[in-house]
Each structure stands twice: as structure tokens, then as C-alpha cells.
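>>> Sequence plus predicted model, see below.
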Amino acid sequence: MGFLRKIYLIFIAAPLFILITFLTAVVTIIATAFGGNRFWGYWPAHIWSRIVCALAWVKVEVRGRENIDPKTSYIFVSNHQGAFDIWAIYGYLNHNFKWLMKKSLEKIAFVGYACRRSGHVFVDSNSLQSIRETIEDARHQLKDGMSLVIFPEGTRTKTGELGSFKRGAFMLAGEFRLPVVPLSIQGAYNIMPRNTYFPRAGKIILTIHTPIEPGERGFNTRELLSQCHDIIASDLS
């Protein structure tokens with residue numbers, strides 16, 4: 001990475017990122033206090049994500065947008081290459097949704113509280129009671145076109161390779177009998193791998209695959225997990 005780019009990132013991009021992140025959180029917290037987290041829980045962060053990508057000189061190309069209907073609720077499952085996965089999905093999926101997030105992220109100053117106010121769904125996978133609460137929180141949110149986005153790997157890849165999927169996302173899909181849409185992200189690992197602090201300029205390709213519809217009896221969790229993993233792996237190969 002060039003010296004001038006590091007100077008730009010440290011003295012221009014980073015301060016602007018901190019400022020707009022703070023402002024986005026504050027706007028979200030205040031606005032959602034008066035209701036309407038379907039709007040205020042999505043649009044400020046949607047705009048924030050596009051600004052973050054622009055600051056880092058990251059372009060996002062979306063393929064397969066015609067596969068989804070903005071009035072339909074989905075469970076989106078995506079591979080997790082790096083930090084910019086979040087901004088790529090938030091900024092460019094163009095479909096209102098809530099994240100399924102680790103409970104620990106709720107502790108992030110301002111941002112964690114803003115996420116709670118936005119209606120995002122937190123889960124502590126170590127607690128059976130928390131999983132039950134997660135299901136009820138998601139049940140309350142998933143209607144009238146509101147969707148849920150999950151990283152079924154559970155964490156960012158360390159190598160750039162697709163990891164194994166956890167069952168939680170697919171159990172939720174079976175619980176609610178909603179169409180499941182695999183998302184594949186390419187390029188985010190090269191832009192900002194795990195445990196790095198300076199993003200490279202580059203391009204991310206976000207592919208929206210064809211929804212997998214539940215049958216009359218819903219989904220077979222194991223088959224659904226395998227199918228989604230194969231679809232995403234095939235696109236990344």
C-alpha cells in the first residue's frame with residue numbers, strides 16, 4: 001500500500017468514518033425513539049455504508065437483483081470475507097432487513113445501542129434461552145417485506161476460503177418457512193482481510209442467488225445448509 005494512501009486513510013478517511021458513524025448512530029437512536037424503526041433502522045445505515053465504501057475507494061457491483069422482490073421477506077445467508085461485507089450488503093442489497101448479530105456486538109459504544117434500537121436481532125449461541133428469545137425477536141420483525149441477513153460461518157474467514165456453516169440460520173428459515181436467498185461476496189477479503197487496519201481500494205461483487213422456497217413441510221435443515229453452501233462455494237470457485 002502506498003505511503004500517500006496511508007496518509008489519506010489515517011488523516012482524512014478515518015476521522016470522517018468516525019464522525020459519520022457517530023452521527024449515524026445518534027440519528028438512529030433519536031429517530032427510533034419516536035417509532036418507525038423499519039425506516040430509521042435501515043436508511044441512515046444504508047447511506048452510511050455507501051459513504052464508507054466511497055471513502056475507502058471500494059466499488060460494489062450487484063448481480064441478480066432481479067431475483068428478489070422488495071415486498072417479500074427472506075432469510076439471506078452470506079459468506080463472510082471481511083469487514084466490508086457489512087457495508088456492501090447494507091449499502092447495496094437495496095432490501096430492508098435486520099441483521100442477526102452476536103450478542104457481544106451490543107456492547108459497542110453508541111453503535112450497539114443504535115443496533116438494538118433499530119430492531120436488529122441479537123443472539124447468544126451459548127444460551128438456550130437466548131436462542132428462544134432470538135426466535136421470538138425475529139418472528140416479530142419478519143413480516144411485510146422485512147428480511148433477515150445472517151453470516152452462517154459465524155465469523156470472518158481467516159484465509160479467504162469459505163468455511164463451514166452453522167445450523168442456526170437454517171433452523172430459523174425452517175421455523176418461519178421463508179424463502180432463503182444465498183448471497184455470495186467476492187473481493188472483500190482482498191480489500192480488508194481479518195486483523196488488518198488499512199483497506200485497499202478495489203471492487204466487491206455481491207451476487208444475489210435465486211431464492212430457495214420452502215416445501216409444504218418447510219425445509220430439511222441439513223439439506224438446506226448443504227444446498228446454500230454449495231451455491232455460494234460454486235460462485236466463489
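Cool, the structure landed.
>>> So, low pLDDT: which residues of this structure?
Where the chain drops to pLDDT under 70, the residues are 125-132, 134, 137.
>>> What segments of it are helices?
Along the chain, counting by DSSP state H, helices occupy 3-8, 14-32, 37-40, 43-55, 84-92, 111-118, 128-141, 168-176, 188-191, 221-236.
>>> of the ones you listed, which approaches residue 150 most closely?
Closest approach to residue 150 among those is made by helix 168-176 (4.0 Å; CB to CB). Any C-beta I mention is one placed from the backbone N, CA and C, and that applies to glycine too.
>>> other SSEs contacting that closest one?
The contact analysis (3 or more CB pairs under 8 Å, 6 or more residues apart in numbering; DSSP states H and E) places helix 168-176 against strand 75-78, strand 97-102, helix 128-141, strand 147-150, helix 221-236.
>>> same thing but at 7 Å, please
When contacts are defined as 3 or more CB pairs under 7 Å, 6 or more residues apart in numbering; DSSP states H and E, helix 168-176 packs onto strand 75-78, helix 128-141, helix 221-236.
>>> Summarise which helices and strands the longest one is packed against.
Counting by 3+ CB pairs under 7 Å, 6+ apart, the packing neighbours recorded for helix 221-236 are helix 168-176, strand 180-186.
>>> related to what we said a few turns ago, can you redo the helices of the chain as JSON lines with distance to residue 155 and mean neighbour count?
What follows is the helices of the chain, written out as JSON lines (distance: least, CB to CB, whole Å; neighbours: other CB atoms under 10 Å):
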{"stretch": "helix 3-8", "distance to residue 155": "27", "mean neighbour count": "11"}
{"stretch": "helix 14-32", "distance to residue 155": "21", "mean neighbour count": "16"}
{"stretch": "helix 37-40", "distance to residue 155": "27", "mean neighbour count": "18"}
{"stretch": "helix 43-55", "distance to residue 155": "20", "mean neighbour count": "18"}
{"stretch": "helix 84-92", "distance to residue 155": "11", "mean neighbour count": "23"}
{"stretch": "helix 111-118", "distance to residue 155": "18", "mean neighbour count": "20"}
{"stretch": "helix 128-141", "distance to residue 155": "18", "mean neighbour count": "14"}
{"stretch": "helix 168-176", "distance to residue 155": "13", "mean neighbour count": "21"}
{"stretch": "helix 188-191", "distance to residue 155": "13", "mean neighbour count": "22"}
{"stretch": "helix 221-236", "distance to residue 155": "16", "mean neighbour count": "17"}
